[in-house]
Every structure is written in structure tokens, then in C-alpha cells.
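Student: no sequence for this one, just the structure:
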């Protein structure tokens, strides 16, 4: 039986070691995300023979395992299949890209079970060319350039690098902005609110990077991210006071220009099936998607 553990900040070096084994491009293989979202998704993990596997269970939904990462995916996968059997649960395995699919299909040859693999489109991460987001060149970004020019014309602004101290200031701003939108905010904290809290209160420990836009010294927008791999940045948080015209577009462009200009791609994570997020992410013209699949194993 596998020994499932919850995740602590002390686990960061361990997770980073496995996540760096391959140049993964999906947002789930960021320790900051794993740590910050673990409560809402009941995220647990185990390591066997230098191989990492995670299990996620959101709400009343069945548990889903990630495909094992490390030296011995076969033995780890065997333990997963045993876990699902003992739990009287259908095996569900999250696969990230064709490489995981190929490895999964190879392992399944020894089980004599049928399976289906479906793409979870609403979970796919949006990936952009870094220089596109910095330069916003061409007709397709005309509206974005207008937003930025408007912001520059209207406001006396500065950009500054976020620190652990100013991260806490941004948390206060976030709570204030959320309260403005929802009178019951304090009593109805969401998984997203908790993830924001964990990232901003553990800013240095998670080795995150952040940027803040100020107008006349007052913070009006902020963004938080990190390097997902040597060629790709990932944006975890982006919030702005919409009373300042163009603030979202401006923090998007400024943060990437100042912190991640040395990358080739930027992962702006998924849209969670929210139409407004889908439209906003599509408006920046992604060059590809980090695709996510679910393998469902059935009996013979």
C-alpha cells in the first residue's frame, strides 16, 4: 500500500528535482502551484524507487493520479493500480502530452485492460511567444497597444520588482479588490483565494518573481510568476484595478518584459472552462497549448 503524504514547503527541493527531469510545459509541474492549490484539490504524493506520483481529488470527484515521473515508472504505476483496486475506484491517470501517452500505452500492455484517453481541453495551458507579449507587434495586437498607450497617457506610473514585503501589500490589495466585488468575500473564500494567499505569504520560500505597477505611488496592478523550465516562464497571478484603464494589459506586458525577456515562451495557464478567461487568453494569440489528457482504465 502506498504511503500518501501532504505537501509542505520543505518538499520544494524534492519536487523541483523531479519536475526538472524533463522539460515539462504544463502548469501542474510547478511546485508553487502544487503547494498553493493542494488544499482545494486534496493533493497528496508518494515517492517509490526515485519516482514521484501525485493524486488529486477535487470535491466529490474521483481521485486522479499523475503519470509517474522518475527512474521506475513501471513499479510506481503498479502501486497506483493496486491503490485504485483496494480503494474500489476506477483508475484515472492524468497524462501530459504525447510522451506520457506513449509511456502509458506501453505500460498498459501488461495489464490486459481496456482504456480510453480523452483530451481535457478546458485544462489545457495557453502558451505564447515571449517576444509577442513584449512587443505586441502587428495588426493582431493593435487593440493591446492602444490599451497600453492609453495607460501611459493617463497615468504617472512606475514598475517595480516585487519583494516579500510588497507581496504582502499586494495581498491586502487583492483582498480589498475582492471585497469590492463581493460583500460576502470574507465568508466565502475560494480555492483561488487560498492559493493567492499561499503564494504571496510564501513569496521568497517559493522563489517566485513578481512585478507591481504603481500610479502616483499607489499599487494598481501586480503579477507573479516563475521559470517553469529554462525556456518557459509561467504566470501564476495577475490582478489589476480596472478603475485604471489598460492596467491589465500594462502589467502583462511590463512584467514579462522586465522579468522573463530571456525566455522563449510564456505559459499563462488554463481557463478552467470559464468563457471570460478563454476570451481573454485567446486575445493574446497563443502559439500552442500544453495539452492535458485523462486516461480511464476499465475492466477487460
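Tutor: In hand now; what should we look at? Bear in mind the structure is a predicted one, so any value in this text is a computation, not a measurement. Numbers count the residues shown, from 1 in each chain.

Student: For the helix or strand bottoming out on mean pLDDT in the chain, what is the distance to the chain centroid?
Tutor: Lowest by mean pLDDT, DSSP states H and E among the helices and strands of the chain is helix 164-181, with a mean of 90. Mean-position distance between helix 164-181 and its chain equals 20 Å (C-alpha atoms, centre = their mean, to the nearest Å).

Student: Then stretch 277-288?
Tutor: 15 Å.

Student: The strand of greatest length in the chain - which strands sit beside it in the sheet, and in what orientation?
Tutor: Longest strand of the chain, by residue count under DSSP state E: strand 218-229. Sheet neighbours of strand 218-229, with direction, are listed as strand 209-215 (antiparallel), strand 232-240 (antiparallel) (DSSP bridges).

Student: Between helix 164-181 and it, find me the angle.
Tutor: 110 degrees (axes from the mean of the first three to the mean of the last three C-alpha atoms, to 10 degrees).

Student: where does residue 261 land in three-state SS?
Tutor: Judged by DSSP: H, G, I helix; E, B strand; the rest coil, the three-state class of residue 261 is coil.

Student: In this structure it contacts residue 135, no?
Tutor: No - between residue 261 and residue 135 there is no contact under C-beta atoms under 8 Å: 10.4 Å. The way it works is simple: take the backbone N, C-alpha and C, and place the C-beta from them, glycine included.

Student: How about the least confident helix or strand of the chain, which residues are buried there?
Tutor: Residues 166-167, 170-171, 173-175, 178 are the ones in helix 164-181 that count as buried (16 or more other C-beta atoms under 10 Å).

Student: go on, stretch 37-52?
Tutor: Buried residues in stretch 37-52, counting neighbours by 16+ other C-beta under 10 Å, are found at 37-38, 40-41, 43-48, 51-52.

Student: Could I get the residues you listed in JSON lines, plus columns for distance to residue 139 and secondary structure?
Tutor: Listed next are these as JSON lines, based on distance: C-beta to C-beta, whole Å; DSSP: H, G, I helix; E, B strand; the rest coil:
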{"residue": "37", "distance to residue 139": "37", "secondary structure": "coil"}
{"residue": "38", "distance to residue 139": "43", "secondary structure": "coil"}
{"residue": "40", "distance to residue 139": "40", "secondary structure": "coil"}
{"residue": "41", "distance to residue 139": "40", "secondary structure": "coil"}
{"residue": "43", "distance to residue 139": "43", "secondary structure": "coil"}
{"residue": "44", "distance to residue 139": "48", "secondary structure": "strand"}
{"residue": "45", "distance to residue 139": "46", "secondary structure": "strand"}
{"residue": "46", "distance to residue 139": "51", "secondary structure": "strand"}
{"residue": "47", "distance to residue 139": "50", "secondary structure": "strand"}
{"residue": "48", "distance to residue 139": "53", "secondary structure": "coil"}
{"residue": "51", "distance to residue 139": "48", "secondary structure": "strand"}
{"residue": "52", "distance to residue 139": "45", "secondary structure": "strand"}
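
Student: that older thread, okay, the buried residues of helix 164-181 in CSV with distance to residue 94 next?
Tutor: Converted to CSV, the buried residues of helix 164-181 look like this (distance: C-beta to C-beta, whole Å):
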residue, distance to residue 94
166, 35
167, 30
170, 31
171, 30
173, 34
174, 29
175, 32
178, 30
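
Student: just these now: which is nearest residue 202?
Tutor: Using C-beta to C-beta, residue 167 comes nearest to residue 202 of the buried residues of helix 164-181, at 9.0 Å.

Student: Next, count neighbours for residue 28.
Tutor: 22 (other C-beta atoms under 10 Å).

Student: ok, now the one 4 residues further on?
Tutor: Close neighbours of residue 32, defined as other C-beta under 10 Å, add up to 26.

Student: got it, and residue 280?
Tutor: If you count neighbours by other C-beta under 10 Å, residue 280 ends up with 16.

Student: Please settle this for me: is it part of a helix?
Tutor: Yes - counting by three-state DSSP, residue 280 is located in a helix.

Student: tell me the mean pLDDT for stretch 112-124?
Tutor: Averaging pLDDT along stretch 112-124 yields 92.

Student: Equivalent analysis for stretch 12-21, please.
Tutor: Over the span of stretch 12-21, the pLDDT mean works out to 94.
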